[in-house]
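Engineer: Task: produce atomic coordinates for the following.
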Amino acid sequence: MFAILSLIAALGGSGLLFLGERIAGPGVAARPVLSGIGAVLVLVAVVVRIVSLVTRPTERRVLALPVAAYASMLVGVVLYGLTLEGAPVGPDSDVSTMLAVLWPIFWTAGAVPAVLMELALRRMEGASRIEDRRVFSLGSGGLVIALATSWLLVINYVATDRDTSWDTRAVAEVQASGLTRTMVKSQTETVTATLFFPPANEVGETVEPYFQSLAKENPLFVVERTDAERNPGRAKELRARKNATIVLHRGDNRQSIVLDLEPAKARTTLKKFDTEVQSKLAKLTVTDRYVYVVTGHGERSTTPRTDEAPGFRDTREVLQRLGYRIKTITTTDGLTKAVPKDATFVLLAAPASPLLDSEVSTLRMYMRGGGSLFVLLDPESEKDPELGALLDDLGVAVDRTALVHDSTFVALTGAAIDRRNVVSNRFTSHGSTAVLSKVSGRAIVWFSGAAALTKSPAAGAADVTFTVKSFSGSYADANENLAFDDGEKKSVFNLVAAVQLPGADGERGGRAIVVGDADIISDKLLRHNLPNQQFLVDSIQWLEGNESAGAEVPDIEDTAIVHTRNEDQAWFWGMIVGMPVMLLIFGLVIRRFLRREWGAA
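Structural biologist: Next up is the predicted model:
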């Protein structure tokens with residue numbers, strides 16, 4: 001009886017520890033109770049088994065085996081405790097990584113043999129003697145299963161940490177994204193793509209359909225293919241020194257992309273081929289579209305230094321690929337008087353200090369005159385930028401308390417602060433989310449310290465649509481302890497607003513995108529998540545009144561899947577516990593069936 005109770009205590013204690021640390025988590029009142037009881041139960045199981053070993057000296061040889069198994073489980077529990085938040089071992093250290101691999105090995109190496117040996121000992125209760133060989137055989141067999149499972153765990157851990165894939169094709173297929181197609185559609189002058197490849201070359205056969213598909217978007221985009229060796233005059237004219245060169249040219253303006261005739265060597269360039277074409281097309285395009293970036297109030301920079309808050313260098317590159325020219329506007333440049341007439345839209349990126357009243361008035365006049373404004377707020381900023389009057393005109397109010405989610409977030413650091421990295425795939429059908437709303441099942445936008453938006457009581461005639469909403473279970477972390485407390489309310493919050501102001505005399509009124517988090521398009525998140533790039537492109541298209549284009553960033557369909565913490569836990573424990581248990585049950589059923597067959601024979 002004590003054998004089964006020890007087993008139940010060890011397994012039940014481990015389960016309570018799991019509930020306390022993985023389900024409840026830091027900041028929840030039940031955590032120390034569940035974790036404490038769980039750890040004590042595992043310790044009690046070891047003590048009970050040691051007592052039985054001491055009180056039954058004639059059976060020490062066989063009873064020492066379960067004691068060793070329980071001790072291994074206890075070591076696993078202790079190592080697991082060293083990986084938890086608040087432990088002396090840092091979450092990002094090499095030691096923490098090592099412990100994260102070791103504790104499941106020790107626990108599994110004890111749990112599986114313990115279950116098999118205790119069940120065998122249970123069946124031997126009342127017998128004249130214990131079958132040593134049978135217990136040893138089951139224990140060693142369980143240890144083999146546990147170590148094999150641990151080996152798979154380590155392989156899975158390394159494969160996940162070193163996430164590398166290989167393309168077995170000689171040359172990967174390349175396709176033009178919606179963003180590239182939009183750039184071609186907007187051409188007003190002829191652009192020619194000359195492809196220098198020999199006949200029947202695999203790389204040439206791969207890239208030619210790419211350009212032919214772009215030629216269908218606009219008759220001003222012309223594609224021609226020739227051989228540099230057979231047509232040296234054309235190669236010299238376009239300064240193509242060899243085959244496997246692609247020249248995009250408009251008049252005397254030429255932009256070249258150099259590949260390789262050998263598919264294996266060209267593969268690396270082809271993986272980023274669409275982005276490279278966008279960059280070259282942007283340099284050929286003559287544009288009078290300007291983005292004015294407000295500066296002078298501690299805003300995020302489009303050319304950040306390493307010691308600054310996450311800047312918008314990647315956003316700048318996206319804007320340039322879309323054909324925009326970027327200028328700054330400050331108090332001395334006339335922000336207190338008027339926004340330049342050639343502004344396509346104005347970017348107000350997380351001011352860290354208040355704007356002057358005259359500057360706010362200029363932006364309000366600009367919006368009332370039909371301008372377009374992209375407002376990015378930063379609730380983590382120490383000072384309020386005092387944009388109340390401007391936001392009232394736009395019909396938007398903001399709560400500067402950062403939102404938190406206990407289970408659905410992006411784990412960037414492994415610490416509790418990650419709970420501010422909330423995510424969402426809840427997109428309203430709107431022009432500013434034209435593509436995202438179509439691929440919402442596969443696209444998740446990341447935020448980091450987002451503020452909740454609501455409709456302002458002073459909205460007036462502003463047409464406000466909240467286009468991105470948080471997952472349910474989010475809450476405003478008023479005391480900034482990253483835990484849900486009394487007085488805080490879990491709900492669904494608005495994260496992004498699209499505003500349309502009424503126009504005068506039938507003209508289009510002002511438009512604005514207001515986001516409760518500046519990091520959504522900062523270098524911190526934009527370069528790591530394609531849906532964030534898509535959000536930026538969708539928003540810009542709508543601000544300019546070109547939302548029907550529906551431009552997709554490259555590979556938006558293949559964006560990486562983001563798992564919530566609960567989903568990651570389900571996969572993790574399913575792989576290291578669920579699958580081995582299923583195999584164990586299958587083996588026991590087969591073994592029982594075979595024993596019956598042998599007995600009948």
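Engineer: Name the spans of the stretch 251-400 of the chain whose pLDDT lies under the cut-off.
Structural biologist: For the stretch 251-400 of the chain, applying pLDDT under 70 flags the ranges 286-287, 306-308.
Engineer: Please enumerate the helices of it.
Structural biologist: 263-271, 273-284, 313-321, 357-368, 388-394 (DSSP state H, counting those that start in this stretch).
Engineer: The shortest one - contacts with which helices or strands?
Structural biologist: This points to helix 388-394. With contacts taken as 3 or more CB pairs under 8 Å, 6 or more residues apart in numbering; DSSP states H and E, helix 388-394 sits against helix 357-368, strand 372-376, strand 511-515. Just so you know, the C-beta spots here come from the backbone N, C-alpha and C atoms, and that holds for glycine as well.
Engineer: which stretch among these comes nearest Phe273?
Structural biologist: Nearest of the helices and strands packed on helix 388-394 to Phe273, taken as CB to CB: strand 372-376 at 29.4 Å.
Engineer: Give me the angle between that closest one and helix 357-368.
Structural biologist: Counting by axes from the mean of the first three to the mean of the last three CA atoms, to 10 degrees, strand 372-376 points 130 degrees away from the direction of helix 357-368.
Engineer: How about the contacts made by Gly460?
Structural biologist: Going by CB atoms under 8 Å, 6 or more residues apart in numbering, Gly460 touches 393, 395.
Engineer: Is Leu79 in contact with Gly110, as I believe?
Structural biologist: No. Between Leu79 and Gly110 there is no contact under CB atoms under 8 Å: 11.9 Å.
Engineer: out of these two, which sits in the busier spot?
Structural biologist: A count of neighbours by other CB atoms under 10 Å puts Gly110 above the other of Leu79 and Gly110, at 28 against 20.
Engineer: what's the helix or strand for the more buried one?
Structural biologist: Element membership of Gly110, judged by DSSP states H and E, is helix 94-123.
Engineer: For the helix or strand just after that helix, which residues meet the burial criterion?
Structural biologist: For helix 94-123, the succeeding helix or strand toward the C-terminus, using DSSP H and E, is helix 132-161. Buried residues in helix 132-161, counted by 16 or more other CB atoms under 10 Å: 135, 138-139, 142-143, 145-146, 149-150, 153, 157.
Engineer: picking that back up, closest to Gly414 out of the helices of the stretch 251-400 of the chain?
Structural biologist: Of all the helices of the stretch 251-400 of the chain, helix 313-321 comes closest under CB to CB, at 24.1 Å.
Engineer: helices and strands of this structure: which one has the lowest mean pLDDT?
Structural biologist: Every helix and strand of the chain was ranked by mean pLDDT, DSSP states H and E. The lowest is helix 565-573, at a mean of 55.
Engineer: follow-up on the earlier one: quick one, which of the helices and strands packed on helix 388-394 is packed in tightest?
Structural biologist: Sort the helices and strands packed on helix 388-394 by mean neighbour count, taking mean count of other CB atoms under 10 Å, and strand 511-515 sits at the top with a mean of 26.
Engineer: Note down every partner strand of that one and its orientation.
Structural biologist: strand 372-376 (parallel), strand 494-500 (antiparallel) (DSSP bridges).
Engineer: Next, format those as a markdown table and append distance to Leu284.
Structural biologist: Formatted as a markdown table, those follow (distance: least, CB to CB, whole Å):
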| stretch | distance to Leu284 |
| --- | --- |
| strand 372-376 | 25 |
| strand 494-500 | 32 |
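Engineer: Those: which one's closest to Glu544?
Structural biologist: Once the strands paired with strand 511-515 are compared by CB to CB, strand 372-376 is nearest, at 6.8 Å.
Engineer: Other residues contacting the closest one?
Structural biologist: 300, 344-350, 363, 366-367, 387, 390-391, 394, 510-515, 517-518, 520-521, 539-540, 543-544.
Engineer: what angle do that strand and helix 313-321 make?
Structural biologist: 160 degrees.
Engineer: How about the contacts made by Phe211?
Structural biologist: 193, 195, 223.
Engineer: Doesn't it belong to a helix?
Structural biologist: Yes. With DSSP: H, G, I helix; E, B strand; the rest coil as the criterion, Phe211 is located in a helix.
Engineer: got TSV for the helices and strands packed on helix 388-394, with distance to Phe471 too?
Structural biologist: Below are the helices and strands packed on helix 388-394 laid out as TSV (distance: least, CB to CB, whole Å):
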stretch	distance to Phe471
helix 357-368	31
strand 372-376	21
strand 511-515	17
